[in-house]
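# pasting a predicted model and its sequence here:
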Amino acid sequence: MDKKAFRKTALARRSAVFSSGEEKKSADRKICENLISSGLLDGISTVLTYISVGHEAGTSGIIDYLLAQGITVAVPRCRKNGQMDFLRIESMTELKASSMGIPEPEYIEENKVKDFSDTLCLVPGMAFDMTGNRTGYGGGYYDRFLDSHTEVVSAGLCYQSLIYDAVPCEPHDKSVEYIITEKGIIKING
């Protein structure tokens, strides 16, 4: 199956994963708990995370936890050239919907993360496979970011039912090092 067709199939499957909002909230809490207990936050000073929308694996509980622990949280602001900047936030109230409908922070140069040492990047995806490949939305933002910032530790957030044996990928696609689901942590052997 090509990427476009698979993306459509994965999106439909993700939309049907939970029969209630409470089931999704429970799975999101478990993903947060699994991240906390994973050891991935040990020695991390900054966490780069997407802002979840719709049926994506939720990040609001993770963000609240990180901020309460004094860990720097930065979220993406996309640029028209296919790149993105990560800007530090102190609260979700700092975000406003972008032209694509995704909550983003205002661009303030002094909030831009420039040092990516001791950083964990939480990566969104509709589906992942057991080798860390992911199906995203087709913009390539995270592939470009991970390609140019190899010093960050990358972890995909995904519901267990959206882990496939294989997802379509191309040579420029970047895999993640870990996948965090409501069932546990998958460490990708690299």
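In hand now; what should we look at?

# so which bits of stretch 64-77 are buried?
Neighbour-count burial for stretch 64-77 flags 65-67, 72-77 (criterion: 16 or more other C-beta atoms under 10 Å). C-beta coordinates here come from the backbone N, C-alpha and C atoms, glycine included.

# can you name every helix or strand that the helix or strand of the chain with the lowest mean pLDDT contacts?
Every helix and strand in the chain was compared by mean pLDDT, DSSP states H and E; the lowest is helix 3-15, with a mean of 88. Applying 3 or more C-beta pairs under 8 Å, 6 or more residues apart in numbering; DSSP states H and E, one finds that helix 3-15 makes contact with strand 127-129, strand 134-135.

# tell me which strands and helices the top helix by length along the chain is in contact with?
Longest helix in the chain by number of residues, with DSSP state H as the criterion: helix 21-37. Applying 3+ C-beta pairs under 8 Å, 6+ apart, one finds that helix 21-37 contacts helix 60-68, strand 178-180.

# ok, and what's touching that helix?
Contacts to helix 21-37, defined as C-beta atoms under 8 Å, 6 or more residues apart in numbering, come from residues 17-18, 41, 55, 57-58, 60-62, 65, 122, 155, 157, 159, 180-185.

# so which of the helices and strands packed on helix 3-15 comes closest to residue 88?
When the helices and strands packed on helix 3-15 are compared by C-beta to C-beta, strand 134-135 sits nearest residue 88, at 25.0 Å.

# out of the helices and strands packed on helix 3-15, which is closest to residue 110?
strand 134-135 (31.6 Å).

# parallel or antiparallel, list what pairs with that closest one.
strand 127-129 (antiparallel) (DSSP bridges).

# quick one, what contacts the residue sitting nearest the centre point of the chain?
The chain has residue 123 as the residue nearest its centroid, 2.5 Å off, counting by C-alpha atoms, centre = their mean. Applying C-beta under 8 Å, 6+ apart, we find residue 123 in contact with 50, 134, 142, 146, 154-157, 176.

# got it, and residue 183?
So residue 183 contacts 30, 160 (C-beta under 8 Å, 6+ apart).

# tell me the pLDDT of it.
At residue 183, the model reports a pLDDT of 97.
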